[in-house]
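Chemist: Got a sequence here, can you model it:
(chains A and B)
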Amino acid sequence: MTKLLNKPFKAFTVYALILLACSVPAYYYVIDKIWIREIDNQNEILKEKIENGLRQIKLNEIELIKTLQFVDTIHPGLKLIPIDSSGKRKILYYTISRKRENSNKIDRFRGLSAYLYSQKKYYLLTVETNVKEKKGTIITLVNISFFFFIFLVAGFIIINRIISIRIWQPFKNNLDKLNSFDLKTQKELNFKPSIILEFEELNQTLNKFIQKNISAYKLQKEFAENASHELQTPISVIKSKLDLLVQNSLLNQEQYELLTSINIPLSKLSRITKNLLLLAKIENRQYSNIETIGIKQVINETLSLLTDQWSHKNLKFNLELSYSLTCLANKNLFEILISNLLINAIKYTNEGYLLGVSVSASRIKVYNEGKMPLNGDQLFKRFASTSNLSGSSGLGLAIVKEICDLYSWEIRYEYENSQHIFSIEF
Amino acid sequence: MKLLIIEDENELASNIASYLSGENYVCEIANCYDSAYQKINLYNYDCILLDLSLPGGDGLDLLKILRFNKKEDGVIVISAKDSIEDKIYALQYGADDYLAKPFHLSELAARIFAVIRRKSFSNSNTISFNELHIDILAKTVKVNEQSISLTKKEFQLLLLFIGNKNRVLSKSALAENLSGDFADMFDNHDFVYAHVKNLKKKLSEAGSGNYLKTIYGSGYIWQL
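Modeler: Residues are numbered from 1 along each chain as shown, chains lettered A, B, ... in the order given. Predicted coordinates:
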């Protein structure tokens, strides 16, 4: 994944490279033009100076030739040759390349040739000034352009950094807040107001989006609660009608048993709605009172409350509750957690088999003998239980899992030595 | 005994009334907040059954008004809400008992019986049934002045039966009375046999009459 800012950065870099590359010939053309015009000007000034000088000095022919030869020797670019007649054009500008002596280097010259007339004599003046050769100019320009390109890219990188840190900060803040957002807490996020239009728009859109989500979540939560409560009333009506019906003295035993057997699925129906409500409440974090709980005590109390359920089964109990482990949780929820685990173990252990509960330094373990391993992936899912026992709501272990998740405890199921082992690591 | 049933589900209210009518209870029904409000202000009841979610208002407000006016009517909240918080809340506002829906009518009858006893005989809370004398507070039972020792659950069952004289009680009603919230998590309610059997045995050994009868193989009835 590329960062958002790197995308335009690449484009900018390529664009800058192209632009600077194009600028090299343009600069060269302009610089060359200016240079040559400047040299031409200078040559003209020189020409005029020489012209004036010729007018003023009085030399005989031999002296003049000597002087001109001397000038030619010390200043090879300047030649003044006496001629017999004037050419047609007065001044000629030209550019010429010459090979340097004793070297392969080629020098470029800008020249001016003009015919002078002084003291009834014609002279041909040529002034040549060295112009930097083309190749040299281009190399210099390329170097300068490259130098600026490096600076430009470095600048881009630094500005990019600064922008990404400073200008994108609100965006990052929003992102962090969104990451930490938990719908279950139903707390709205307070985005920092931004002076940048796009961010402010983003903030408002996010706020609207979150508010909608929260209200939908609240609706769903209320729905779960209301549905659960509304269902209990018709169940109550059915139950009370059954109670009334069995008072009828005209019933025979078969009819009585049919009628009272309805109580069991009815209880299950009621339990399912209660459990769904419980799950919704746990998800909604409605159990906030947390206290220190002695795990051993809860296990003992629950086992004693369930005495009727296990006493007729002749279970072989294996209780290792000597370790006094405590945990921080809602007492009510913790009791539900323990009773769900124990009820399952009691329900699914056959008569005369082993049922064990152990508390150690950081975990509790509830285990019982069973013939076949259970499907560990499905076990903690809602209504995924494969049990055909009619008392099961299919939600007991889902509730256990939900409570463990709430307090970040790890619940595990294992099957070892013909034993189902449920362990919770605190 | 005068009872007021404040319940918006008419079917349930009339079922309760019909179940209780056999005893010397006179039941009135209020199916909304306003009519309940008028009735509790005008009359006194031995026991009020109060549903919390009512058309027109919150049942808890009725309870608050009642207690604010220093009325001592017994109040049993019957609500679909069964969380600990709801129960504690209702009891704090002066409810005498809290029964979560759905419930067996026999359970409700036993609770009403207990609340009325508690309210009207606060000092000597003893029920007498022929040669049987039950002290609710001390949780002791005497047959012909001779004490018999019952377990907690047997005593609980005895009260259930006394509170539901001449009524057929199903096994599941007994199980619910004994195990409370856990009852609906098990499909096997056979454990009630053992408790009923022991209770019967202890009563008859002490010379009590055979009031507790088995009916239809798995039901029970307490009658003379």
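Chemist: Okay, now the sheet partners of the least confident helix or strand in chain B by mean pLDDT, with direction.
Modeler: In chain B, no helix or strand scores lower on mean pLDDT, DSSP states H and E than strand B:126-129, which sits at a mean of 84. Applying DSSP bridges to the sheet, strand B:126-129 is found paired with strand B:132-135 (antiparallel).
Chemist: Does anything pack onto the helix or strand following the strand it pairs with? Which helices or strands?
Modeler: Next helix or strand after strand B:132-135 toward the C-terminus (DSSP states H and E): strand B:140-143. In this structure, strand B:140-143 packs against strand B:132-135, strand B:146-148, with contacts taken as 3 or more Cβ pairs under 8 Å, 6 or more residues apart in numbering or on different chains; DSSP states H and E. All C-beta atoms are positioned from the backbone trio N, CA, C, and that covers glycine.
Chemist: can you list those strands in a markdown table and add mean pLDDT and mean neighbour count?
Modeler: Shown next, in a markdown table, are the helices and strands packed on strand B:140-143 (pLDDT from 0 to 100; neighbours: other Cβ atoms under 10 Å in any protein chain shown):
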| stretch | mean pLDDT | mean neighbour count |
| --- | --- | --- |
| strand B:132-135 | 90 | 17 |
| strand B:146-148 | 91 | 13 |
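Chemist: now these in CSV, with distance to residue A:345?
Modeler: What follows is these, written out as CSV (distance: least, Cβ to Cβ, whole Å):
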stretch, distance to residue A:345
strand B:132-135, 37
strand B:146-148, 36
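Chemist: domain parsing for chain B?
Modeler: B:2-120, B:126-222 (automatic domain parsing).
Chemist: Show residues contacting stretch A:258-265.
Modeler: A:238-239, A:242, A:245-246, A:251, A:390-391, B:170-173, B:187, B:218-219 (Cβ atoms under 8 Å, 6 or more residues apart in numbering or on different chains).
Chemist: And the contacts of the lengthiest strand in chain A?
Modeler: Counting residues, the longest strand found in chain A (DSSP state E) is strand A:106-118. With contacts defined as Cβ under 8 Å, 6+ apart, strand A:106-118 is touched by A:36, A:39-40, A:43-44, A:47, A:50-51, A:54-55, A:77, A:80, A:83, A:86-87, A:90-100, A:122-134.
Chemist: Can you select the buried ones among the residues you listed for me in ChimeraX?
Modeler: ChimeraX command restricting the contacts of strand A:106-118 to the buried ones, with burial defined by 16 or more other Cβ atoms under 10 Å in any protein chain shown:
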select /A:36,39,40,43,47,50,54,80,123,125,126,127,128,129,131
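Chemist: The contacts of strand A:106-118: which ones sit near chain B?
Modeler: Applying Cβ under 8 Å from any Cβ of the partner chain, the subset of the contacts of strand A:106-118 adjacent to chain B is empty.
Chemist: My guess is residue A:122 contacts residue A:83. True?
Modeler: Yes: counting by Cβ atoms under 8 Å, residue A:122 does reach residue A:83; the two are 4.9 Å apart.
Chemist: From residue B:101, how far out is residue A:394?
Modeler: Residue A:394 sits 22 Å away from residue B:101, going by Cβ to Cβ, to the nearest Å.
Chemist: Show me where the stretch 251-400 of chain A dips below the pLDDT cut-off.
Modeler: A:385-392 (pLDDT under 70).
Chemist: what about residue 2, how many neighbours?
Modeler: Let's take chain A. A count of neighbours around residue A:2, defined by other Cβ atoms under 10 Å in any protein chain shown, yields 8.
Chemist: try chain B instead
Modeler: When neighbours are counted by other Cβ under 10 Å, residue B:2 comes out with 14.
Chemist: right, and it touches residue B:28 too?
Modeler: Yes: the pair residue B:2 / residue B:28 is scored as a contact, 7.3 Å apart, by Cβ under 8 Å.
Chemist: overlap in contacts of those two?
Modeler: In terms of Cβ under 8 Å, 6+ apart, residue B:2 and residue B:28 are both contacted by the residues residue B:45.
Chemist: so where do the helices sit in chain A?
Modeler: For chain A, applying DSSP state H gives helices covering A:6-56, A:61-74, A:134-166, A:169-180, A:197-245, A:253-261, A:263-283, A:295-305, A:307-311, A:331-348, A:396-406.
Chemist: Tabulate those helices in TSV, adding columns for distance to residue A:365.
Modeler: TSV is the format used below for these (distance: least, Cβ to Cβ, whole Å):
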stretch	distance to residue A:365
helix A:6-56	53
helix A:61-74	111
helix A:134-166	51
helix A:169-180	35
helix A:197-245	32
helix A:253-261	37
helix A:263-283	23
helix A:295-305	11
helix A:307-311	18
helix A:331-348	10
helix A:396-406	14
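Chemist: Least reliable of the ones you listed by average pLDDT, please.
Modeler: Mean pLDDT is lowest for helix A:61-74 out of the helices of chain A, coming in at a mean of 80.
Chemist: just to revisit the earlier point, just give me how far the longest strand of chain A sits from the chain centre.
Modeler: 70 Å (Cα atoms, centre = their mean, to the nearest Å).
Chemist: which of the residues in that strand are buried?
Modeler: Buried-residue list, strand A:106-118, by 16+ other Cβ under 10 Å: A:108-116, A:118.
Chemist: ok, which pair from those is furthest apart?
Modeler: A:108 and A:118 (30.6 Å; Cβ to Cβ).
Chemist: so what pLDDT did residue 81 get?
Modeler: Just so you know, I chose chain A. For residue A:81, the predicted pLDDT is 81.
Chemist: Chain B is the one I meant
Modeler: 85.
Chemist: I figured it was touching residue B:90, is that so?
Modeler: No: using Cβ under 8 Å, residue B:81 is not in contact with residue B:90; the gap is 9.0 Å.
Chemist: need the residues of the stretch 301-426 of chain A near chain B, please.
Modeler: Residues of the stretch 301-426 of chain A lying close to chain B (Cβ under 8 Å from any Cβ) are A:305-306, A:308-309, A:311-312, A:332, A:339, A:343, A:347, A:389-391, A:393, A:396.
Chemist: Now that we have the residues you listed, which of them are buried?
Modeler: Buried among those by 16+ other Cβ under 10 Å: A:305-306, A:308-309, A:339, A:343, A:347, A:391, A:393, A:396.
Chemist: Helices along chain B, start to end?
Modeler: Applying DSSP H to chain B gives helices spanning B:10-20, B:33-42, B:59-68, B:84-92, B:105-120, B:152-162, B:171-179, B:191-205.
Chemist: Return the distance of stretch B:73-89 from the chain's centre.
Modeler: Remark: stretch B:73-89 is offset 14 Å from the chain centroid, using Cα atoms, centre = their mean.
Chemist: ditto for stretch B:158-169
Modeler: 10 Å.
Chemist: which residues sit against it?
Modeler: A:246-247, A:256, B:19, B:22-23, B:106-107, B:109-114, B:127, B:129, B:134, B:136, B:141, B:150, B:173-174, B:177, B:199, B:211-212, B:215-216, B:219-223.
Chemist: end-to-end on it?
Modeler: Distance between the two ends of stretch B:158-169: 12 Å, counting by Cα to Cα, to the nearest Å.
Chemist: residues of that stretch that come out buried?
Modeler: B:158-165, B:167-169.
Chemist: Out of the residues you listed, flag the one nearest to chain A.
Modeler: Using Cβ to the nearest Cβ, residue B:168 is the member of the buried residues of stretch B:158-169 that lies nearest chain A, at 4.8 Å.
Chemist: From residue B:59, how far off is the closest one?
Modeler: 31 Å.
Chemist: Over to residue A:299?
Modeler: Taking Cβ to Cβ, one finds residue A:299 at 37 Å from residue B:59.
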